[in-house]
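Q: task: produce atomic coordinates for the following.
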Amino acid sequence: MATTRQAHTVWEGNLLEGKGVVTLDSSGIGEYPVSWPSRAEAANGKTSPEELIAAAHSSCYSMALSHALAGAGTPPSRLETKADVTFQPGEGITGIHLTVQGEVPGIDADAFAKAAEDAKANCPVSQALTGTTITLSASLV
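A: The predicted structure is shown next:
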């Protein structure tokens, strides 16, 4: 069964001086302030579309890799995934770098690297972001 998740943003003012609040409607877990300076300069306690993409990508990727490893008979004890989403004003999102460290009993570094690359290609968020270059660093702990 398909699921749909919702969020909404209320924005006030122009791009450079305005501000907004993004609300995570489906989960109800919070409202987060956003602004141009938090996107193009320092975060200063506000989020950005790129940070939200990084959160979505790191969590989706972790789920995809966990599922693939378990399906291969080597379920992970722990995965820690970081997503760095680079935004260049005037150009947009110029790349995403995933870094994953895994504790996976019974697997060697080569098999982990292959599973990590396969998860990068098959993660639904990676697939949704195919217009962006996505790179990966994977290591066992």
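Q: chain center to the helix or strand where Ser58 lies, what's the gap?
A: Taking DSSP states H and E as the criterion, the element that holds Ser58 is helix 49-71. Using C-alpha atoms, centre = their mean, to the nearest Å, we find the averaged C-alpha position of helix 49-71 to lie 6 Å away from the chain's own average C-alpha position.
Q: just the CA atoms of the next helix or strand after it, as PDB, please.
A: Towards the C-terminus, the helix or strand next in line after helix 49-71, according to DSSP H and E, is strand 78-88. Taking Å, rounded to 0.1, in the frame of the first residue of the first chain, the C-alpha atoms of strand 78-88 are listed here in PDB:
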ATOM      1  CA  ARG A  78      24.900  -0.800  13.500                       C
ATOM      2  CA  LEU A  79      25.100   1.600  10.600                       C
ATOM      3  CA  GLU A  80      25.900   5.300  10.900                       C
ATOM      4  CA  THR A  81      25.200   7.300   7.700                       C
ATOM      5  CA  LYS A  82      26.000  10.900   7.100                       C
ATOM      6  CA  ALA A  83      24.800  12.900   4.100                       C
ATOM      7  CA  ASP A  84      26.500  16.100   3.000                       C
ATOM      8  CA  VAL A  85      24.400  18.000   0.600                       C
ATOM      9  CA  THR A  86      26.300  20.900  -1.100                       C
ATOM     10  CA  PHE A  87      24.300  24.000  -2.100                       C
ATOM     11  CA  GLN A  88      25.900  26.700  -4.300                       C
END
